[in-house]
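Predicted model, plus sequence, below.
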Amino acid sequence: MKIKLFCAAGMSTSMLVAKMQESAKKRGLDAEIVAYPESHLGKETDDCDIALLGPQVGYQLGKAKGICEPKNVPVAVIPMQDYGMMNGEKVLDFALNLKDK
Amino acid sequence: MDGMELISFKIISAVGTAKSMYIEAIQAAKQGNFEEADRLIEEGSNIFIEGHHAHGSLIQQEASGEKVGFSLLLMHAEDQLMTTETFKIVAQEFIELYRNVKMLSKGENRNED
């Protein structure tokens, strides 16, 4: 499963990615989790199962939905609290819940 | 993850959310939805304060003689804090501009009637 995170430059989000990878490993979940700058939303969502936006680019959700929905890729903004606490577990749950819907 | 990293992320997360809301506020004003624009500026400002407090706690720590460890992440957090603070002023000016544009264009339509 491929989960991609998009934020302004991909800097702070790459630290969250490390936390999420830890959580996925603990669960024995086969997931590839990567961070990209939001300008790559178009091309990077072709081969992705779940897309997440950092809270700092939440205003792009409308545009992101326009790109992701035709590709059947669920997309949502990471809750600010979990992002601020670098809570890899919760953000991973959040991502997986999107897929279940 | 140590305390400094957590505080940095708290700042990045709060002010990042605030900045996103300020941008949404301009977009709302562009659509002529000024109530929503004002609400987004206010909500963004409330969230911004959370980041400001987290940053303030570090300044107080340093002022009381306890050394604050420096990192690129903290610098990034301060950078976000500053740009968001400045961006709020720009967003508010934009909203006022859109308000004026709407008022003026209404006036013009009336003249045409």
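Arrived safely, thanks for sending.

Just say helix, strand or coil for the spatially most central residue of chain A.
Central residue of chain A (Cα atoms, centre = their mean): residue A:52, 2.7 Å from the mean position. Recorded secondary structure, residue A:52: strand (DSSP: H, G, I helix; E, B strand; the rest coil).

Nearest residue to it in space, please, no chain neighbours.
Spatial nearest neighbour of residue A:52, excluding adjacent residues (Cβ to Cβ, 6 or more residues apart in numbering or on different chains): residue A:5 at 4.8 Å. Just so you know, the C-beta spots here come from the backbone N, C-alpha and C atoms, and that holds for glycine as well.

how about that neighbour, what does it touch?
A:13, A:16-17, A:33-36, A:51-54, A:78 (Cβ atoms under 8 Å, 6 or more residues apart in numbering or on different chains).

just these now: which is nearest residue B:61?
residue A:16 (24.9 Å; Cβ to Cβ).

now the helix or strand harbouring that closest one, how far from the centre of its chain.
Element membership for residue A:16, per DSSP states H and E: helix A:11-27. Chain-centre distance of helix A:11-27: 11 Å, with Cα atoms, centre = their mean, to the nearest Å.

avg pLDDT for that helix?
On average, the pLDDT along helix A:11-27 is 91.

neighbouring strands for the helix or strand just after it, and are they parallel or not?
Once the chain leaves helix A:11-27, the next helix or strand it forms, by DSSP H and E, is strand A:32-37. The strands beside strand A:32-37 in its sheet (DSSP bridges) come out as strand A:2-7 (parallel).

thinking again about what came up before, in this structure the residue nearest to the centre of chain A contacts residue A:95, no?
Yes. Counting by Cβ atoms under 8 Å, residue A:95 is a contact partner of residue A:52 at 5.9 Å.

Residue A:4 and residue A:11, how far apart?
Applying Cβ to Cβ, to the nearest Å, the value for residue A:4 to residue A:11 is 16 Å.

To clarify, my last question referred to residue B:23.
In terms of Cβ to Cβ, residue B:23 sits 19 Å off from residue A:11.

the more surrounded of those two?
Between residue B:23 and residue A:11, residue B:23 has the larger neighbour count (other Cβ atoms under 10 Å in any protein chain shown), namely 20 against 15.

Low-confidence ranges, the chain, go.
Using chain A here. Across chain A, residues meeting the criterion (pLDDT under 70) sit at A:101.

Not quite, go with chain B.
In chain B (pLDDT under 70), the answer is B:1, B:110-113.

residues from chain A in reach of chain B?
Contacts of chain A with chain B, taken as Cβ under 8 Å from any Cβ of the partner chain, map to A:8, A:11-12, A:15, A:54-59, A:80-81, A:83-86.

Next step: the residues you listed restricted to strands.
Using DSSP state E, no member of those falls in strands.
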